[in-house]
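Colleague: Quick one: sequence and predicted model below, then my questions.
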Amino acid sequence: MKLKTKSSAKKRFRFTSTGLVKTGQCGKRHNMRKRSNKMLRNARGMTLMHPSDAKKVVNNYFHV
């Protein structure tokens with residue numbers, strides 16, 4: 001039986017052409033007044049996941 005791709009993972013992660021995993025930056029959901037402007041600027045856009053975390057994402061969600 002073929003395993004399905006996790007729909008939640010499809011929305012949260014993207015892959016680069018070289019196979020690295022991109023994800024959104026953390027720490028921007030609430031309590032923005034505590035965060036420095038520098039942190040908020042640097043946390044825009046996407047970031048590359050650490051290889052050990054990316055391995056878990058690929059193995060557990062995408063069954064590659």
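Modeller: That came through, no problem.
Colleague: Thr16: how many residues sit nearby?
Modeller: A count of nearby residues for Thr16, using other C-beta atoms under 10 Å, gives 10. Where C-beta positions appear, they are placed from N, C-alpha and C, glycine not excepted.
Colleague: Tell me who's in contact with it.
Modeller: Lys22, Leu48 (C-beta atoms under 8 Å, 6 or more residues apart in numbering).
Colleague: A helix includes Lys56, no?
Modeller: Yes: with DSSP: H, G, I helix; E, B strand; the rest coil as the criterion, Lys56 is located in a helix.
Colleague: Need the pLDDT of Pro8.
Modeller: To be clear, residue 8 is Ser; Pro isn't right here. pLDDT recorded at Ser8 is 86.
Colleague: what's the nearest residue to it if we skip its chain neighbours?
Modeller: Counting by C-beta to C-beta, 6 or more residues apart in numbering, Ser8 lies nearest to Tyr61, which is 8.0 Å off, once chain neighbours are set aside.
Colleague: Least confident secondary structure element in the protein?
Modeller: helix 7-12 (a mean of 88; mean pLDDT, DSSP states H and E).
Colleague: Could you give the separation between the terminal residues of stretch 3-22?
Modeller: With C-alpha to C-alpha, to the nearest Å as the measure, the ends of stretch 3-22 fall 23 Å from one another.
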